[in-house]
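Student: Kindly return the folded structure for what I paste below:
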Amino acid sequence: MTRAQLIQIATEYARQNGWQEADYEVTDVTTKGTCSVTFTGKTKRPGNHFTVYLDCKTGKVLRLIPGR
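Tutor: Sure thing, here's the model as predicted:
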């Protein structure tokens, strides 16, 4: 899957799970091994980030890990 496709899938998954797209921006995308898309909150505060892990070939979301 392309970087853009991974971001799109991760963004949609996050939206479906209550994360507001307008409050976060993509800060990192990993495409080797297990793919991941990391989002960081536009308002800086502890724990205001999360990462969505995906299968690189199928785009299936594996899990969402919120910041702490």
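Student: C-alpha from now on. contacts and neighbour counts both.
Tutor: Noted.
Student: Mind listing what's buried along stretch 25-35?
Tutor: Residues of stretch 25-35 classed as buried by neighbour count (16 or more other CA atoms under 10 Å): 26, 29, 31, 35.
Student: so which of these comes closest to Arg68?
Tutor: Closest approach to Arg68 among the buried residues of stretch 25-35 (CA to CA): Val26, at 17.6 Å.
Student: want to throw the buried residues of stretch 25-35 into TSV with pLDDT and distance to Glu12?
Tutor: Putting the buried residues of stretch 25-35 into TSV (pLDDT from 0 to 100; distance: CA to CA, whole Å) gives the following:
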residue	pLDDT	distance to Glu12
Val26	95	13
Val29	96	15
Thr31	92	18
Cys35	96	16
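Student: Narrow the residues you listed to those in strands?
Tutor: Of the buried residues of stretch 25-35, the ones assigned to strands by DSSP state E are 26, 29, 35.
Student: Which positions in stretch 48-61 come out as buried?
Tutor: Quick answer for stretch 48-61 (16+ other CA under 10 Å): 48-56, 59, 61.
Student: Out of those residues, which comes closest to Gln5?
Tutor: Of the buried residues of stretch 48-61, the one sitting nearest to Gln5 (CA to CA) turns out to be Gly59, at 7.9 Å.
Student: From Thr11, how far off is the closest one?
Tutor: Separation of Gly59 from Thr11 (CA to CA, to the nearest Å): 12 Å.
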